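> 3D model of this:
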Amino acid sequence: MRRFRVRFAACLAFASVVALGWMTEGLAEESAPPPAKNTARPAAKAPPSSANAPEEAAARFSKQLAALQEQWTALSAEESPTLIRSLAAVKTAMDNGKIEDVKKTRDDLGKGKIKGEWREYKQVLMAAGQQWEVLAQKLSRAANQVKPLEKDRDKGSADAQAMFDTLSKRIADKHRAVVERSADCYYDAGESKKALAIYAALYQEIPEDKRAAEKLLTAKLADVLDKTGDFKTALRLYDGLYKAASAQERKTWATFDIRNRLAGIYFDKLNDYKTALEFYKGMLETYEPDRRETNDTKWIRDKITACEDKAKTTPGTAPAGKATPAKRAGS
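As a prediction, the model looks like this:
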């Protein structure tokens, strides 16, 4: 009991000392005169210097690059199963719907001709398109991470810079391919407007001097433009593809579908039956001579007959300044 009292008294004494210190400190502050104002500006602090700054910047760049590479590896691994699943589903739906001509089915679906057995095919294509859009969004986020790294590219080592250049191109190319793949699914499902929005955005991203090399994308864009009513822009794109072909290619299968599309626009939309006739005749000559009178070419011969009949009842020549297939061949 006595020890407790001694300890308690000691604690009280310590508390009194502390309290007295706080009190006297406050009194001292109150009684002390205010400090004189220092009008002199403080000296500017020199930026911290480090002899290892370049090495540290290079290390940060390499670390960020490694993270981007890891993300790219994961996205690449995600692409393969997505592709396998979508292809398998489309193949099954085609078999169930007994679909043999994808182009004809695409056109019929675009016109709203959905047979019972084609519903599964359309649904599978739409689902696949959505899956590719999801992957495209992930690749887009990866592409956005490339931009800040590009500013620090020169801080990396020569090997890191080379790796960055390769990786950034792979991400950009894969993003473009996946986005186009999603549009292809909507395109084959007959959803021309949905496909058009994607194709047009991709086309606009391509520099004008490089668009001529994008033959497949240009042809698909022209087709959906024609299907959605903008046949004038479609005609311009098809005509550009035709003019870009060599004189020999204009007579071969390389331009067969382009010539068919051009002939269709001239016949159905512009009522220019003479120009359409020249295209159809050229298409017939694409076939071997022994096949020009077979069932394979009956549809072309029917088109030629229709053009000749229309031309007789619709006198006149092609509008001035318009290039016909014969003129283009010599251009």
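
> What is the neighbour count of the nearest residue to Phe267 once chain neighbours are set aside?
Using C-beta to C-beta, 6 or more residues apart in numbering and skipping the chain neighbours, the partner closest in space to Phe267 is Ala276 (3.9 Å). For the C-beta atoms, the positions are set from N, CA and C on the backbone; glycine is no exception. Neighbourhood size, Ala276 [other C-beta atoms under 10 Å]: 25.

> what's near enough to touch Ala276?
Going by C-beta atoms under 8 Å, 6 or more residues apart in numbering, Ala276 touches Ala263, Gly264, Tyr266, Phe267, Lys303, Cys307.

> what's the answer for Met163, then?
Contacts of Met163 (C-beta under 8 Å, 6+ apart): Leu65, Gln69.

> so which helix or strand takes in it?
Using DSSP states H and E, Met163 sits in helix 158-188.

> what packs against the helix or strand following that helix?
With elements assigned by DSSP H and E, the helix or strand that comes after helix 158-188 is helix 192-205. Packed against helix 192-205 by the contact rule (3 or more C-beta pairs under 8 Å, 6 or more residues apart in numbering; DSSP states H and E) you find helix 158-188, helix 215-227.

> count of neighbours near the residue nearest to Asn260 when sequence neighbours are not counted?
Closest residue to Asn260 apart from its sequence neighbours, by C-beta to C-beta, 6+ apart: Met283 at 6.3 Å. Neighbour count of Met283, defined by other C-beta under 10 Å: 22.

> got it, and Ala127?
A count of nearby residues for Ala127, using other C-beta under 10 Å, gives 16.

> Once you drop chain neighbours, what's closest to it?
Per C-beta to C-beta, 6+ apart, closest to Ala127 is Ala89, 7.4 Å.

> show me the contacts for that neighbour.
Applying C-beta under 8 Å, 6+ apart to Ala89 gives the contacts Val124, Ala127, Ala128.

> Check which helix or strand it maps to.
For Ala89, the element it lies in under DSSP H and E is helix 53-97.

> close enough to count as contact, Ala183 and Tyr203?
No - using C-beta atoms under 8 Å, Ala183 makes no contact with Tyr203, being 10.7 Å away.

> which of those two has more neighbours?
Ala183 (27 against 15).

> pLDDT value on that one, please?
In this model, Ala183 is scored at 97, pLDDT.

> In contact with it, which residues?
Counted by C-beta under 8 Å, 6+ apart, Ala183 has contacts Gly129, Lys194, Ala195, Ile198, Tyr199, Leu202, Lys220.

> Ile99 and Lys111: what is the separation?
Separation of Ile99 from Lys111 (C-beta to C-beta, to the nearest Å): 16 Å.

> wait, Ala172
In terms of C-beta to C-beta, Ala172 sits 36 Å off from Lys111.

> So between those two, which is more surrounded?
Ala172 (15 against 10).

> Determine how far stretch 138-158 lies from the middle of the whole chain.
18 Å (C-alpha atoms, centre = their mean, to the nearest Å).

> brain fart, stretch 215-231
17 Å.

> How about residues contacting that stretch?
Contacting residues not belonging to stretch 215-231 are listed as 110, 180, 183-184, 187, 192-193, 195-196, 199-200, 202-203, 206, 211, 233-234, 237-238, 240-241, 244, 257-258, 261, 265, 269 [C-beta under 8 Å, 6+ apart].

> For that stretch, list every residue counted as buried.
Applying a neighbour-count criterion of 16 or more other C-beta atoms under 10 Å, one finds 215, 217-227, 231 buried in stretch 215-231.

> From those residues, pick the one nearest Phe61.
Checking the buried residues of stretch 215-231 against Phe61 by C-beta to C-beta gives Leu217 as the nearest, at 34.4 Å.

> so the spatially closest residue to Asp239 that is not a sequence neighbour, which of the three states?
Nearest non-adjacent residue to Asp239, counting by C-beta to C-beta, 6+ apart: Leu262, 6.8 Å away. Leu262 falls in the helix class when you classify it by DSSP: H, G, I helix; E, B strand; the rest coil.

> Roughly how far does Leu262 sit from Lys215?
Taken as C-beta to C-beta, the span from Leu262 to Lys215 is 15 Å.
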